[in-house]
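Q: this is the structure alone, sequence omitted:
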């Protein structure tokens, strides 16, 4: 079948009306991706029986979710940043955060795009103006949003980050694929990673959510 | 589509992205294409003969057993267009679907949320505001774009 120029015209015509206002900023799509992965973490906790609510620094119940565009300290109050309260019956409460610093084994601070930490640690850090310690994190996720195949350097950087984080469940999650990164991360059986994460990739979404669920299942089982 | 048609469409879509302030997408596509595709092939190794002299004369090597070697090769015009179409989906279509999913999860919480503000610590005005109510107006546009991309991809 010969190529029909109308196909190009159809994409050109549909492009502008489809754009989310503000999405022309490259960073915005990364922020949306992080929020999406965050929503999968919340769903996984719900599936394990958690009740979910949202809060800001002062404990107020927000009507708007306020998210960071760049990493920051958990104790910063210049904006009413929102975090999720994740509560399982008979278990210490947890908090889910976006883009906060966690302190690694070396005590170097690293950005965790998504983290789930014990609320006791979060409260202590807000009171002491300090960063949560990575052993107190149940879950830490590095998110990468690219529109084309991922550069290999991102996989290498994650391996470095992972070696300094004590969180048991530490993930590399990306929306696109890279055969090189897959090979690099699969070489170490302890690495947790998922690529090609987009809402229409149901198998990938399900596998990642189940893995998050596994993390919460083990949290509930521990004495 | 032949190679010439693929190259022409590729150029037009790259132009569209730059005109619509999506130059960052065009840049990521260019970078990915520049890195080339990594492949593997089985090739013969060479082994040194026992009589290898101290000067390291190449004639002192012989063919050894085959082993897996990695190498790169450039993408063809057809593959380049495929990468670009995927990039447009990743930049526009998938983020919309991600927002829809996020709002559905946030809406189930004890304190439902229907708006997200992305803010910078040192700026008062939000950089981006997403409202669940505004998303419904773009569902049809997203479907049209997604369908148009799928149609073109079938021709590759």
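A: Structure received. Bear in mind the structure is a predicted one, so any value in this text is a computation, not a measurement.
Q: going forward, measure contacts between C-alpha atoms and count neighbours the same way
A: Fine.
Q: in stretch A:133-150, what counts as buried?
A: Using 16 or more other Cα atoms under 10 Å in any protein chain shown as the test for burial, stretch A:133-150 gives A:133-150.
Q: and residue B:98, how many neighbours?
A: 22 (other Cα atoms under 10 Å in any protein chain shown).
Q: my guess is it contacts residue A:30. True?
A: No. Counting by Cα atoms under 8 Å, residue B:98 does not reach residue A:30; the two are 11.1 Å apart.
Q: other SSEs contacting the longest helix belonging to chain A?
A: In terms of residue count, the longest helix belonging to chain A (DSSP state H) is helix A:26-47. Under the contact criterion of 3 or more Cα pairs under 8 Å, 6 or more residues apart in numbering or on different chains; DSSP states H and E, helix A:26-47 touches strand A:51-55, strand A:94-103, strand A:109-118, strand A:137-144, helix A:202-221, helix B:94-106.
Q: now do it, average pLDDT.
A: In this model, helix A:26-47 has an average pLDDT of 93.
Q: list the buried residues in that helix.
A: Neighbour counts over helix A:26-47 (16+ other Cα under 10 Å) mark A:26, A:28-46 as buried.
Q: now find how far off-centre stretch A:67-75 is within its chain.
A: Chain-centre distance of stretch A:67-75: 13 Å, with Cα atoms, centre = their mean, to the nearest Å.
Q: and if you look at stretch B:98-115?
A: 28 Å.
Q: could I get the full set of strands for chain B?
A: Along chain B, the segments classed as strands by DSSP state E run B:37-48, B:61-73, B:115-119, B:128-131.
Q: most tightly packed of those strands?
A: Each of those was scored by mean neighbour count; the highest is strand B:115-119, a mean of 21, by mean count of other Cα atoms under 10 Å in any protein chain shown.
Q: and that one, what does it pack onto?
A: Under the contact definition 3+ Cα pairs under 8 Å, 6+ apart, strand B:115-119 sits against strand A:65-68, strand B:128-131.
Q: now it against helix A:26-47, angle please.
A: 130 degrees (axes from the mean of the first three to the mean of the last three Cα atoms, to 10 degrees).
Q: what residues sit buried inside the helix or strand containing residue A:182?
A: Residue A:182 belongs to helix A:179-186 when assigned by DSSP states H and E. If you call a residue buried by 16+ other Cα under 10 Å, then helix A:179-186 has these buried ones: A:180-181, A:185.
Q: from those residues, which has minimum pLDDT?
A: The minimum pLDDT among these falls on residue A:180, with 84.
Q: any idea how far it is from chain B?
A: Look at residue A:180 and chain B: by Cα to the nearest Cα, to the nearest Å, they are 8 Å apart.
Q: now that residue. Nearest residue, chain neighbours left out?
A: residue A:152 (6.4 Å; Cα to Cα, 6 or more residues apart in numbering or on different chains).
Q: hang on, that neighbour packs against residue A:179?
A: No. Residue A:152 is beyond contact range of residue A:179, at 9.1 Å (criterion: Cα under 8 Å).
Q: before we move on, back to that, okay, the strands of chain B in a markdown table with mean pLDDT next?
A: What follows is these, written out as a markdown table (pLDDT from 0 to 100):
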| stretch | mean pLDDT |
| --- | --- |
| strand B:37-48 | 86 |
| strand B:61-73 | 88 |
| strand B:115-119 | 92 |
| strand B:128-131 | 90 |
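Q: burial measure for residue B:34, as a count.
A: Using other Cα under 10 Å, residue B:34 is surrounded by 11 other residues.
Q: again with residue A:170
A: Count around residue A:170 with other Cα under 10 Å applied: 25.
Q: with residue A:207 instead?
A: Look at residue A:207: counted by other Cα under 10 Å, it has 12 neighbours.
Q: and the gap between it and chain B?
A: Here the distance between residue A:207 and chain B works out to 16 Å (Cα to the nearest Cα).
Q: got a list of what that residue touches?
A: Applying Cα atoms under 8 Å, 6 or more residues apart in numbering or on different chains to residue A:207 gives no contacts.
Q: relative to residue A:96, how far out is it?
A: 20 Å (Cα to Cα, to the nearest Å).
Q: picking up where we left off before, could you dump the helices and strands packed on strand B:115-119 to a markdown table with distance to residue A:18?
A: A markdown table is the format used below for these (distance: least, Cα to Cα, whole Å):
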| stretch | distance to residue A:18 |
| --- | --- |
| strand A:65-68 | 23 |
| strand B:128-131 | 14 |
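Q: pretty sure residue A:68 contacts residue B:122?
A: No. Shown here, residue A:68 and residue B:122 do not form a contact pair, counting by Cα under 8 Å, at 10.8 Å.
Q: these two: which is more packed in?
A: residue A:68 (23 against 8).
Q: what bridges to the more buried one?
A: Under the criterion DSSP bridges, residue A:68 forms beta bridges with residue B:119.
Q: sorry, back to before: run the chain-centre distance for the longest helix of chain A.
A: Distance, centroid of helix A:26-47 to centroid of chain: 6 Å (Cα atoms, centre = their mean).
Q: by how many degrees do that helix and helix A:202-221 diverge?
A: Regarding helix A:26-47 and helix A:202-221, their directions subtend 50 degrees when assessed with the same axes, to 10 degrees.
Q: any part of the helix or strand where residue A:8 lies near chain B?
A: Residue A:8 is part of helix A:6-18, with elements assigned from DSSP H and E. Yes. Looking at helix A:6-18 against chain B by Cα under 8 Å from any Cα of the partner chain, the contacts come from A:7-8, A:10-12, A:14-18.
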